[in-house]
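A.B. asks: Any chance you could fold what I've pasted below:
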Amino acid sequence: MFSSRFPRDLRPNRLARAIEAQRREGKAIVDLTESNPTRAGFVYPPEIVSAFNDEGLIRYDPAPAGSPGAREAVAEYYAFRGHHVEPERILLTASTSEAYAYLFKLLADPGDQLLAPRPSYPLFEVLAALESVEVRYYPLVYHGRWTIDLEAVASSVTARTRAVILVNPNNPTGSYLKRSEYERLSRLCAEQQIALISDEVFSDFFFGPDPERVSSLVETKDCLCFSLSGLSKVAGLPQMKLGWVVIGGPATVREDASRGLEWIADTYLSVSTPVQLASARLLSAGESVQQQIRHRTYENLQLARQTLAGSCASLLAVEGGWYAVVQVPRLHSEEEWALELLARCHVLVQPGFFYDFDSEAFLVISLLPEPALFHEGLGRLIRFLESGGVK
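C.D. replies: Okay, here's the model as predicted:
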């Protein structure tokens, strides 16, 4: 009865069932997976609410690519960060997930292929399946820091490859694209006439200077390139539902892509008028939220490094973003580590296989929780490891 694009099994996994069972029993869980900034104790300025005090929101004046004022606000966001982006290269969406869906529609026919990093956030395969597109993965390799296996990317390109996806910085590894990697990837995409898609939602959240870091691909000229971001991470406002795509590359193909995306967006017209009218004020007010998140994630990262130092667990190198990866002894599966940590210590972490790590055993933790909660969770994790862990 249902499309083959729809998952056949929607039953909760073992960890989800265990979480629900503990909550039914009234257990207080220390959640080291929290990814919602609106639940993490940050102070949101009142200007965010007053940003919607605009008489224009009662009028409907649809613009498929987004209103000129909102696109100008996004362009100014980039200008503040040293990037020149013309408003006409910007297309607004309700989220980066919607932006991916638009791009997959634009670039690929059913059965075509996209290349995506592994490990990474488990989103691409689901979105691609909804467009009847196949995802092939290229590895990120860890050797004291994460790098892209560029040879694997090149060897994975086929006649049906339509785009290479980057997550910059990657979620959950927190690794940024480096200049040498960017040069090779952009050259490959130009030669093969495929697109480069750069997910940059965590780009503002770096933990230190790095002259080799490429923070954004918005000024790419060599190949067709799409840079994605939005209010969800930039301003800590996931509930506002405003994302965007910046289109780069050679003028002719870029303009064709712009027209195609605008045609797709005109079919849905999903971005709300109020959030477009408020966008400039939301981006401005969101700066204080972003600063709080940057401070929190940096401090929690330092705490994690101190707490795990000398233990049987190790914190992998991380350059930015909201997450960290902890390597634990391969005495048990990641699922066993996560389930037992929840059952015995009431601490929630994510097993690495959720993000397609290609070996055991890794646990992914968020750097977003309030410091006292984060400290308590790490303490329980260390005591759990010292006690021998899984029984």
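A.B. asks: okay, CA-based contacts and neighbour counts for the rest of this
C.D. replies: Will do.
A.B. asks: what about the residue nearest to residue 242 when sequence neighbours are not counted, how many neighbours?
C.D. replies: Distances taken as CA to CA, 6 or more residues apart in numbering place residue 94 nearest to residue 242, at 4.6 Å, with adjacent residues excluded. For residue 94, the neighbour count with other CA atoms under 10 Å is 19.
A.B. asks: Look at residue 86 and report its pLDDT.
C.D. replies: Residue 86 carries a pLDDT value of 98.
A.B. asks: List the contacts of the residue nearest to residue 242.
C.D. replies: Going by CA atoms under 8 Å, 6 or more residues apart in numbering, residue 94 touches 241-244, 270-272.
A.B. asks: list the helices and strands the biggest strand by length in the chain packs on?
C.D. replies: Ordering each strand of the chain by length in residues (DSSP state E) puts strand 134-142 first. If you count contacts as 3 or more CA pairs under 8 Å, 6 or more residues apart in numbering; DSSP states H and E, strand 134-142 packs onto strand 113-118, helix 124-130, strand 146-148, helix 150-156.
A.B. asks: Just say which of these is most tucked in.
C.D. replies: Of all the helices and strands packed on strand 134-142, strand 113-118 has the most neighbours on average by mean count of other CA atoms under 10 Å, namely a mean of 23.
A.B. asks: what pairs with it, and is each one parallel or antiparallel?
C.D. replies: Sheet partners assigned to strand 113-118 using DSSP bridges are listed as strand 134-142 (parallel), strand 161-167 (parallel).
A.B. asks: Need the contact partners of the last one.
C.D. replies: Contacts with strand 161-167, where a contact means CA under 8 Å, 6+ apart, come from 107-108, 112-117, 120, 189, 194-200.
A.B. asks: How about the first one?
C.D. replies: Outside strand 134-142, the residues that touch it by CA under 8 Å, 6+ apart are 111-119, 124-125, 128, 146-149, 152-153, 156.
A.B. asks: Please state the offset of that strand from the chain centre?
C.D. replies: Distance of strand 134-142 from its chain centroid, counting by CA atoms, centre = their mean, to the nearest Å, is 16 Å.
A.B. asks: and if you look at the shortest one?
C.D. replies: Here the centre of mass of C-alpha atoms in strand 161-167, compared against the chain's by CA atoms, centre = their mean, lies 15 Å away.
A.B. asks: So, low pLDDT: which residues of this structure?
C.D. replies: Counting by pLDDT under 70, the ranges of the chain that qualify are 389-391.
A.B. asks: Just give me the longest helix of it.
C.D. replies: For the chain, the helix with the greatest residue count under DSSP state H is helix 273-308.
A.B. asks: Quick one: list the elements packing against that helix.
C.D. replies: Under the contact criterion of 3+ CA pairs under 8 Å, 6+ apart, helix 273-308 touches helix 47-50, helix 68-80, helix 231-234, strand 314-315, helix 371-386.
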